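Participant: Generate coordinates for the sequence data below:
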Amino acid sequence: MTTLKNFPDTIALFPLNVVLFPSGLLELRIFEIRYLDMIKDCLRNQEEFGIVLVKSSLENTSTLNVETIGTLAKIVSFDQGTDGLLHITVQGTKPFQINGCSIESNGLKVGKIQPHLTEHEKVLGSHTNLVDLLNKILTDNRGHETETQKPSLLSEASWVAYRLAEFLDLTNQEKLTVLSESNAQRKLDKIEQLIVHHSSEC
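Facilitator: Numbers count the residues shown, from 1 in each chain. Just a heads-up that it's a prediction; the model follows:
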């Protein structure tokens, strides 16, 4: 787990059409040379890389068209799939903010980053309804449960907000607003607002 003490100043970026949350798991298939090299370097040096949301379809151009808030990702497993591609599973660790970007000769995006701090708070009484909702979702999905989905952290506001954002039918931009909020209680406020908003559309 990355701590603030060893938080990297510079990191390779993997732009994707997805928002990764701390403690969340994500499976990826790697086939581009620049990212294969990036994964090899991360494995060799026991380093993380950054997953950041693409703003548009311009990911493969020279434009650094990515959001400024992303999540560090550590590789937890890897193997070659039957399709011949490298399959990896990563777990989100800490949110970060991009202060500047550059592109290496192979097209790999590199960001100068700093921690995007989130306060660690217990869930307030006003948000216990969200804890109950998440607990029900976790119970209903018990057959597909992973280590990150076990309800051992139901008292931690950020963890509850992140897990709900993963399960609920939210857009990437809506998920990003949850990740970008530094106050843990306001993360839950945003989740509540999004639930109300989507319910009103039905």
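Participant: Show me where this protein has its strands.
Facilitator: When secondary structure is read from DSSP state E, the chain shows strands at 10-16, 25-30, 49-54, 66-80, 86-103, 109-115.
Participant: of all the ones you listed, which lies closest to residue 193?
Facilitator: Nearest of the strands of the chain to residue 193, taken as CB to CB: strand 66-80 at 18.7 Å. The C-beta positions use only the backbone N, C-alpha and C, and glycine is treated the same way.
Participant: who does that closest one touch, helix- and strand-wise?
Facilitator: strand 10-16, helix 33-45, strand 49-54, strand 86-103, strand 109-115, helix 172-180 (3 or more CB pairs under 8 Å, 6 or more residues apart in numbering; DSSP states H and E).
Participant: So which of these is the most surrounded?
Facilitator: strand 49-54 (a mean of 23; mean count of other CB atoms under 10 Å).
Participant: Scan this structure for its longest helix.
Facilitator: helix 184-201 (DSSP state H).
Participant: Specify the beta-bridge partners of the nearest residue to residue 35 once chain neighbours are set aside.
Facilitator: When the adjacent residues along the chain are set aside, residue 35 lies closest to residue 14, with 6.5 Å between them (CB to CB, 6 or more residues apart in numbering). Per DSSP bridges, the residues bridged to residue 14 are residue 51.
Participant: Now do residue 14, the pLDDT please.
Facilitator: Looking at residue 14, its pLDDT reads 97.
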